[in-house]
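Enquirer: Predicted coordinates and the sequence they were generated for:
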Amino acid sequence: QPPPIVVAPTADVLHALRQPEGWTQAQARRELQQRGSEVIPHLKAFLASLDREDPDYDRLRLQALWIYQSLRQVEPRMVASLSRSHNSNVRAPAMRVLGDWQHELPRSLEWLARGVGDEHPRVRLEAVAALARSTEPRAVELALRALDQPVDRFLDYTVWNTARSLESIWIPALRQGELSFDGRGQHLVFALEAVGSPAVVAPLMELLQSGEAPPAQRAGLLSLVAALGDPRDLRVVFNLALDDAQPSGMRTELFDSLAQAAANRNVKPQGSLSAALPLLADGELPDSLRAAVAKACGHWNQQTAAPSLAPLATAAETSPALREACLQSLRRLDAEQASAVCRAILDDAAETEAAIAAKTLALLTLADMQPDAAATEAVQLLAQGPLSEEDTNRVFQAFLTNKRGPQALQAALQSASLPADVAK
């Protein structure tokens, strides 16, 4: 039978904290909280009676700390002592209590900083979570020190959430030069990426222009500027994407980010964008970079790009990724020309694997614009084969996602005969 805690004297209820059952301990703490401040003298006597050599010494003091917390009585010496316990199962909850009391403890940041550097990940997690409730700009610097040790997904999220929670406190301090993030550029990058709002663009630009950004993260930071910045910021990214001294992978990522900014936010770099057009015709560049430029031109509504896109879309040597980017951008810039280009590709008599792949891409683009005309071409292509299962599914999907597509495809299929494996 559970002990009759509700009617027991306070001293007996406190004695119940020694029981091994978690349920009994929790009920005892709840009863003591309900009895209010009258239990404090008994609680002090209970603490004084504890044996320092008892293996449960810190655990029992932690129980008492929770009671003080529930009674809203701050005990600085006790929480400081427990935060240094040899037992991580005591240090971690002590950090949580510190988070609750930190505004009343002058040395709370110092103690929480020690928790962030703790050897046990749960203690680090609780310390970082507690810092999320701070009102001090420096708290974000302390929280990010957790990144200097192994980080699992739980701690990574907690650090990320702390940086976001403290945004309104640390961003202004950073702009005023009050924060240095201990000189760790990776910490600042993590915090800026976590916030992910236009407020971080100015600090991001300063970091990039100072040359302090870690080289491995430079492309990611510029992509973040593209995702959040205004036309002037995007112009800086655009100019860097044009710079042939930059790695081609980075340039590709930047053009992709600029295309997404135009597609998602209808924002493009300030000024003329025609300087990107020569990249389309430069066969020495990787096709992935040229494809990124082609996509960006389409989202920018760069009409002068159409004469360069059409030959690339029809050329036999064009890679599938570049061809698809050219066709999609042509569709955005000039639907009539895009339709003509698609028909030219579909009318090609070649039946090589590359030609079939090109026809598939042309068909997918045409189906989005003219499903009735595309349906006839689709049936012919499917009847000729051989299309891979993936490409066959893409063809059908293109019609199913168009409002008029299913009806157009059904009409075309009525007068056609497909191979059995395709018909299945």
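Expert: That came in fine, so what should we check first?
Enquirer: CA atoms for contacts and neighbours, from now on please.
Expert: OK.
Enquirer: which residues sit against stretch 389-406?
Expert: Contacts to stretch 389-406, defined as Cα atoms under 8 Å, 6 or more residues apart in numbering, come from residues 360, 363, 364, 367, 368, 371, 372, 375, 378, 382, 409, 422.
Enquirer: Burial check on the fifth one, number of neighbours?
Expert: Counted with other Cα atoms under 10 Å, the burial measure for residue 368 works out to 18 neighbours.
Enquirer: Check the fourth one too.
Expert: Using other Cα under 10 Å, the number of residues around residue 367 comes to 28.
Enquirer: so it makes contact with residue 377?
Expert: No: counting by Cα atoms under 8 Å, residue 367 stays clear of residue 377, with 9.4 Å between them.
Enquirer: Filter the contacts of stretch 389-406 down to the buried ones, ChimeraX style.
Expert: Selection of buried members from the contacts of stretch 389-406 for ChimeraX, criterion 16 or more other Cα atoms under 10 Å:
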select :360,363,364,367,368,371,372,375,378,382,409
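Enquirer: Let's see which of the contacts of stretch 389-406 end up in helices.
Expert: 360, 363, 364, 367, 368, 371, 372, 375, 378, 382, 409, 422 (DSSP state H).
Enquirer: what two of those are the furthest from one another?
Expert: Spanning the widest gap among the ones in helices among the contacts of stretch 389-406 are 368 and 422, at 21.7 Å by Cα to Cα.
Enquirer: And the pLDDT for the closest residue to residue 335 other than its chain neighbours?
Expert: In this structure, residue 335 finds its nearest non-sequential neighbour in residue 369, 7.4 Å apart by Cα to Cα, 6 or more residues apart in numbering. On the pLDDT scale, residue 369 is placed at 86.
Enquirer: Tell me the spacing between residue 369 and residue 307.
Expert: Here residue 369 is placed at a distance of 20 Å from residue 307 (Cα to Cα, to the nearest Å).
Enquirer: Counting neighbours, go ahead and name the busier of the two.
Expert: For residue 369 versus residue 307, the count of surrounding residues by other Cα under 10 Å is larger for residue 369: 17 against 12.
Enquirer: hang on, the earlier thing: which of the ones in helices among the contacts of stretch 389-406 lies closest to residue 7?
Expert: Nearest to residue 7 among the ones in helices among the contacts of stretch 389-406: residue 368, at 76.4 Å, using Cα to Cα.
Enquirer: May I have the residues that are in contact with the closest one?
Expert: For residue 368, the contact set (Cα under 8 Å, 6+ apart) comprises 398, 399, 402.
Enquirer: pLDDT-wise, what's the bottom of the contacts of stretch 389-406?
Expert: Among the contacts of stretch 389-406, residue 422 has the weakest pLDDT, 53.
Enquirer: What are the boundaries of the helices in the stretch 201-350 of the chain?
Expert: For the stretch 201-350 of the chain, the helices defined by DSSP state H, counting those that start in this stretch occupy 201-210, 218-228, 231-242, 248-265, 277-281, 287-299, 306-314, 320-333, 335-346.
Enquirer: so of those, which one's packed in deepest?
Expert: Sort the helices of the stretch 201-350 of the chain by mean neighbour count, taking mean count of other Cα atoms under 10 Å, and helix 287-299 sits at the top with a mean of 26.
Enquirer: so that one versus helix 320-333, what angle?
Expert: When axes from the mean of the first three to the mean of the last three Cα atoms, to 10 degrees is applied, the directions of helix 287-299 and helix 320-333 differ by 10 degrees.
Enquirer: roughly how far is helix 287-299 from the heart of the chain?
Expert: 24 Å (Cα atoms, centre = their mean, to the nearest Å).
Enquirer: what angle separates it from helix 248-265?
Expert: Going by the same axes, to 10 degrees, helix 287-299 makes 20 degrees with helix 248-265.
Enquirer: could you check the angle helix 231-242 makes with helix 287-299?
Expert: Computed by the same axes, to 10 degrees, the angle separating helix 287-299 from helix 231-242 equals 150 degrees.
Enquirer: so residue 138 sits right up against residue 170, yeah?
Expert: Yes: under the criterion of Cα under 8 Å, residue 138 makes contact with residue 170 at 7.4 Å.
Enquirer: quick one: common contacting residues for the two?
Expert: Joint contacts of residue 138 and residue 170 (Cα under 8 Å, 6+ apart) are residue 179.
Enquirer: Compare these two and say which is more crowded by neighbours.
Expert: Per other Cα under 10 Å, whichever of residue 138 and residue 170 has more neighbours is residue 170, with 23 against 20.
Enquirer: In which helix or strand does that one reside?
Expert: According to DSSP states H and E, residue 170 maps onto helix 167-175.
Enquirer: Please save the CA atoms from stretch 73-91 in CSV.
Expert: Taking only C-alpha atoms (Å, rounded to 0.1, in the frame of the first residue of the first chain), the coordinates of stretch 73-91 have been written out as CSV:
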residue,chain,number,x,y,z
GLN,A,73,12.2,30.3,-2.8
VAL,A,74,15.6,30.8,-4.4
GLU,A,75,18.5,28.9,-2.9
PRO,A,76,21.7,30.1,-4.7
ARG,A,77,24.2,28.0,-2.7
MET,A,78,22.3,24.8,-3.1
VAL,A,79,21.8,25.1,-6.8
ALA,A,80,25.4,26.1,-7.3
SER,A,81,26.6,23.1,-5.3
LEU,A,82,24.3,20.7,-7.1
SER,A,83,25.4,22.0,-10.5
ARG,A,84,28.8,20.7,-9.6
SER,A,85,27.7,17.3,-8.4
HIS,A,86,29.7,14.3,-9.5
ASN,A,87,26.4,12.8,-10.7
SER,A,88,25.2,14.0,-14.1
ASN,A,89,21.7,13.0,-13.2
VAL,A,90,21.9,15.7,-10.6
ARG,A,91,23.8,18.3,-12.6
